[in-house]
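Novice: Sharing a model prediction with you, sequence too.
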Amino acid sequence: MAPDPNSASGSGTTREEASVKVPAKDPKKKDEKKDEDLSEEDLALKQQLELYVERVQDTDPGLQKVALQSMRQEIRTSTSSMTSVPKPLKFLRPHYATLKAYYDTMTDSEVKKFLADILSVLAMTMTAGQRESLKYRLLGSEGDIGSWGHEYVRNLAGEIAQEYTKRQEEEACIDDLLELVQQVVAFYMKHNAEYEAVDLLMEVEDLGLLGNDVDRTNNKRLGDHVDHTNNKRTCVYLTNVARYLPGPDDMLVLDIAYSIHLKFEEYPSALQIALFLDNMQYVEKVFIACDDLVRKKQFCYILARQGITYELRKEMVADDADRETLQEIVNNTKLSEGYLTLARDIEVMEPKSPEDVYKAHLLDGRASAGASIDSARQNLAVTFVNAFVNAGFGQDKLMTSPSEASSGGSSGNWLFKNKEHGKASAAASLGMILLWDVDSGLSQLDKYFHSNDNHVLAGAFLGVGIVNCGIKNECHPALALLADSINKGDSSVRIGAIMGLGLAYAGSKNEEIRSKLTPILEDDKASLDVIAFTAISLGLVYVGSCNEEVAQAIINALRDRSESELGEPLTRLLPLGLGLLYLRKQESVEAAAQVSKTFNEKIRKYCDMTLISCAYAGTGNVLKVQHLLDQCAQDPEKGESHQGPAVLGIAMVAMAEELGLEMAIRSLEHLLLCREQNIRRAVPLALGLLCISNPKVNVVDTLSRLSHDTDTEVAMAAVISLGLIGAGTNNARIAGMLRNLSSYYYKEATILFCVRISQGLVHLGKGLLTLAPYHSERFLLSPTALAGIITLLHACLDVKAIILGKYHYVLYFLVLAIQPRMLLTVDENLKPLSVPVRVGQAVDVVGQAGQPKTITGFQTHSTPVLLAAGDRAELATEKYIPLSPILEGFVILKENPDYREDN
C-alpha cells in the first residue's frame, strides 16, 4: 500500500525545503507577508500543495503517483470554477522550475508522464512564447485534454498554431500535432465553441477535417463532430470567415460549408453557397438531393432572385407538369404579380406625376418659375422621372393615361414634346412603366413599331428589352421583335435593338444573340456608337462567362479603332464590355489583361484598370485595392484617363463586406484631396456604388458638399450619386437636398437635368424598389445587377458627352438592378399569405454563444412588408415554418404540424 502523502511526518522540513526553492529576492520577508494575507483555508491549501511538490520528488514511485494524483485532483476541481486564476496554479507557480528540473532527471515511466501533464497545465501561467504547455502535453499521458478545463485547451490551441508555423518553416514532421488538433477540435465542437475549432483548423491548414467528403489516409475524419446541434453555427461561421480569406482558401471553406449543409438537409443554405461559388453542378446536386416539391419551389425563387438563366432538367424534377411550374418560377414570370400585390397592400397604386416628386411649391419663387419652362431638356428629365417613379406599376399620367386625363395629355402628345433622341427615351419609358409585365408591355409598345420616326422606333425596341428584363420566356418575344432591326440603316434604331437584346437576355449566354451581334463588331461600316453598344450588350449577355469568342471579337474591335476614335468617350465602353465577360472571375482575366497591354497607349491603361476592377468586383481582395490606389497616386501623362475606372474599381472590389466598405469610403474621401480632376470626378460615383440604395449619413454629407463643387462635372457626379444612394428609399433628407439643389441650379440646365434624374431615382417605384445588387442578407451578388450599375457609372465618367449628349438612354441600364425590396409570404400553392413578421435592424451574431437575438429595434407588421437596407425579418408566429432561412423576396410558408392554438 502506498504511503499517504498527507501524513504528518516530515511535513515541517518539506515546507522549509520548498520555501528555499521559491524564486524571490528576500524569501523570508516575502513568505511571511504572503502567508499573513492568506485565509486559513488558502494557507492550508498552499501548505498541502507544497507537501505534494516534496512528495513528487520522493524516491518511492508509489508515493510520487499518489502525490501527482492528488495534485491533479486539486487543479482539476479548481479549473472548473469561474475564478480568474485558480488557486492551486497560483500556489504551484513558484515550484514550476523545481518540478521541471526534477522531471529532467526522471527515467521513462507512467509517473513521468503524469508529471508532464501537471507541468503542461502549470506552463500556462509561465512566460508566453516558450510553448512549454504544448511540449509537456506531447510528452505526457494521452488522457482527455478537456478534463483540465476550457482555458487550458484554448492555451494549447494557440501554442499548436505557433508550433505548426515553426515546423512548416523547418519542414519538420507534424503528425503528432495533428493528432492533438483532433482532440482539441473534438472538445471545441462538443462545447459550443465551433468558431474556435474552425480557427484552429485554419491555422494548421487542415480544414478538410471538418468536411465529410474528404478522404484522409492517416487521420480520423472529424466530420462526425458536426451534428444537428452545431451544423448551423459551424456553417454560418465558415461562410462569414470566407470573406476574409485569400484564395483558394475561401473557396475551400465554402465547399466544406456546402457539404455540411447538404448532409444535414439545409438545402436552401447549400443552394445559396452554390450560387455564391457560381457552380451549377452544385445547384443541380441540391435539386436532386431534395425530394420535396414545395421546397424545390423555394429553390426556384432563390434562383430567380439571383437573376440567372437556368434550365431545369428531368433528373432534377421528374414530373413534366411540376417541372413546367418550377421553370415558370425560375423564369420570374410571377414577379410583376407579386410586386403589384405589395403595391396594393401598401396602397400606392395611384399613379404619381413628376410634379409630385419635384414639390416645387415648397421652394421660393425663382425655382418654381424655372420649373415651368417647357424646354426639351426639362421634358426629357420629366420623362425619366415619370418612368422611374411609376416603374412596374403599369400606369402613369404621361405615357399610358387617356387623352382627357391630367396635364400631360395622351402618350402620343407627351412623346412629341420631346425632341429627336429624346423621343427614344420617351418611348422606352413605356417599357419601364410596364416593367416585368411582358404581355401588357408588348401590346402597349406595339403602336410605336410602325412609326416612321426612327427615334420613336429605337425607343420602342429599347422598351421591348426593358419590359423583358429579368423575365425569361420560352417564346423569346424580344429576339423575334428585335433580331431583324439590328442591321437597319439608321444607327439610333440599331442601338435601340442591340441595347434591347442586351437588357432582355442579360446573363443568358444565348448563342443566337452572339451569332447576331458579333458580326456587327467586325463591320467596318458600323458607326462607333453602334459598336460600343454592341460590346456592352455582348458583355451583359455573357456576363461572368469568360467566353473566348466574344472576348476575341471585342479585342479585335478595339484594335481596329483609329487614333481619333480612341479619344472618343464612347470608345471606353468597349473595354467595359470586355471586363463584364470576366466579372468576378478573378485570375481568369489574366490572358485578356496580357492582350490589353498590346493596345494603343491611349486606351491601354484604361482597359487594364477596367479588366482588373471587373474581375475582382465583390471579392474584397485587399491587394487589388492597394494596386488600384497605387494607380490613383501616380501622376498621369497627358490625355490619360485610366484613373477614373481605377477609382470605381476600388469601390467595386471593396463592396464585398461591411468592414472593407467602410475603409474604402475613408480612402475615397482622402482621394478628394487630389488635384487630378479624373479622380475627383470618379470619387462621388464610387461612393454612390458603395452605398447604393443605402443612404449612409456620412456619405450623404460628403456628396452634399461635392454637389456645390466648383468643377461642374464633380457636382454632376455628386448629384447623380445622391440619387443612387437614395434610390427607392424615399429618403426625406436626400429629397430635401435635391429640392434645394434644383433651386440653387435653376439657371444651369445641365446640372438641373441631373438633379431631376436623381429626384426620380430617390422615389424609384414610389419607394418599393431597390438598386442594391446584393441580396440574401448581403451574401449573394447578382452579376447582371452589378453589370447594369457599373455600365451606367462608366458612362457617368463623362457625363457631358454621354448622359447630357444624345445617349441619355444609358440610364435605362439601371433596370438590370431594379428589384422589389419586399418580403412576400406565400402558401404551398403560391397564393399570398399574410402573417405577422418582426422587421428590425440586423444584428451580427456570428461566433456568439447561445442563441442571441438576430434583430434589434423591431416592429411587427403583416406581410407583405418592405425591407430597407440592413433590415432583417423573422416570423412572429409559430403557426408556419418558412422554407428559406432568409426572409427576403418570395418565401413559401409551410404549416407547422406541431403548432397548437392557445385557448
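Specialist: Perfect, I can see it now. Numbers count the residues shown, from 1 in each chain.
Novice: by contact count, what packs against the one helix or strand C632 maps to?
Specialist: Taking DSSP states H and E as the definition, C632 sits inside helix 622-633. Judged by 3 or more C-beta pairs under 8 Å, 6 or more residues apart in numbering; DSSP states H and E, helix 622-633 is in contact with helix 601-615, helix 643-654, helix 658-671. In short, each C-beta sits where N, CA and C put it, glycine included.
Novice: one more time with 7 Å, if that's ok
Specialist: Secondary-structure packing of helix 622-633 (3 or more C-beta pairs under 7 Å, 6 or more residues apart in numbering; DSSP states H and E): helix 601-615, helix 643-654.
Novice: on contacts alone, who are the packing partners of the first one?
Specialist: In terms of contacts (3+ C-beta pairs under 7 Å, 6+ apart), helix 601-615 is packed against helix 573-581, helix 590-596, helix 622-633, helix 643-654.
Novice: what's the angle from it to helix 622-633?
Specialist: Counting by axes from the mean of the first three to the mean of the last three C-alpha atoms, to 10 degrees, helix 601-615 lies at 150 degrees to helix 622-633.
Novice: Could I get the buried residue list for helix 601-615?
Specialist: Neighbour-count burial for helix 601-615, counted by 16 or more other C-beta atoms under 10 Å, picks out 602-615.
Novice: contact partners of that helix?
Specialist: 558, 566-567, 571-572, 575-576, 578-580, 582-583, 585-586, 589, 592-593, 596-597, 599, 624, 628, 631, 639-642, 645-646, 648-649, 652-653 (C-beta atoms under 7 Å, 6 or more residues apart in numbering).
Novice: Relative to the whole chain's centre, how far out is it?
Specialist: With C-alpha atoms, centre = their mean, to the nearest Å as the basis, helix 601-615 stands 24 Å off its chain's centre.
Novice: Which positions in the one helix or strand Q444 maps to come out as buried?
Specialist: Q444 is part of helix 438-445 when elements are defined by DSSP H and E. In terms of neighbour count (16+ other C-beta under 10 Å), helix 438-445 has its buried residues at V438, G441, L442, Q444, L445.
Novice: Switch the residues you listed over to TSV; also include pLDDT.
Specialist: Shown next, in TSV, are these (pLDDT from 0 to 100):
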residue	pLDDT
V438	88
G441	87
L442	89
Q444	87
L445	86
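Novice: could you dump those to TSV with distance to V294?
Specialist: TSV is the format used below for the buried residues of helix 438-445 (distance: C-beta to C-beta, whole Å):
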residue	distance to V294
V438	27
G441	31
L442	32
Q444	36
L445	37
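Novice: hmm, which of the contacts of helix 601-615 are the buried ones?
Specialist: Using 16+ other C-beta under 10 Å as the burial test, the contacts of helix 601-615 include 558, 566, 571-572, 575-576, 578-580, 582-583, 585-586, 589, 592-593, 596, 599, 624, 628, 631, 640-642, 645-646, 648-649, 652-653 as buried.
Novice: okay if I get the helices and strands packed on helix 601-615 as CSV plus distance to T791 and mean pLDDT?
Specialist: Below are the helices and strands packed on helix 601-615 laid out as CSV (distance: least, C-beta to C-beta, whole Å; pLDDT from 0 to 100):
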stretch, distance to T791, mean pLDDT
helix 573-581, 6, 92
helix 590-596, 18, 87
helix 622-633, 19, 89
helix 643-654, 11, 92
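Novice: Just put the ones you listed in CSV and tack on distance to R93.
Specialist: Below are the helices and strands packed on helix 601-615 laid out as CSV (distance: least, C-beta to C-beta, whole Å):
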stretch, distance to R93
helix 573-581, 62
helix 590-596, 57
helix 622-633, 42
helix 643-654, 48
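Novice: right, and the ones you listed - which one's nearest A553?
Specialist: Closest to A553 of the helices and strands packed on helix 601-615 is helix 573-581 (C-beta to C-beta; 9.6 Å).
Novice: what's the closest of the buried residues of helix 601-615 to L68?
Specialist: Among the buried residues of helix 601-615, and counting by C-beta to C-beta, the member closest to L68 is A615, at 61.2 Å.
Novice: which one's the longest helix in the chain?
Specialist: Across the chain, the helix with the greatest residue count (assigned by DSSP state H) is helix 150-170.
Novice: outside of that helix, which residues touch it?
Specialist: Counting by C-beta under 7 Å, 6+ apart, 79, 121, 124, 131, 133-134, 137, 145-146, 174, 177, 180-181, 184, 187, 191, 196, 200, 203-204 sit against helix 150-170.
Novice: Please point out which parts of whatever helix or strand comes next after that helix sit buried.
Specialist: Where DSSP H and E defines the elements, the next helix or strand beyond helix 150-170 is helix 175-190. Neighbour counts using 16+ other C-beta under 10 Å place L177, L178, L180, V181, Q182, Q183, V184, V185, A186, F187, Y188, M189 of helix 175-190 among the buried residues.
Novice: returning to that earlier point: how about the longest helix of the chain: buried residues?
Specialist: Y152, V153, R154, N155, L156, A157, G158, E159, I160, A161, E163, Y164.
Novice: Rebuild those residues as CSV, extending it with distance to Y244 and pLDDT.
Specialist: Shown next, in CSV, are those (distance: C-beta to C-beta, whole Å; pLDDT from 0 to 100):
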residue, distance to Y244, pLDDT
Y152, 28, 79
V153, 24, 84
R154, 21, 84
N155, 24, 83
L156, 24, 84
A157, 19, 84
G158, 19, 85
E159, 23, 83
I160, 21, 85
A161, 17, 85
E163, 24, 83
Y164, 20, 84
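Novice: pLDDT value on the closest residue to V317 other than its chain neighbours, please?
Specialist: Residue nearest to V317 in three dimensions, not counting chain neighbours: R323, with 4.1 Å by C-beta to C-beta, 6 or more residues apart in numbering. We have a pLDDT of 88 for R323.
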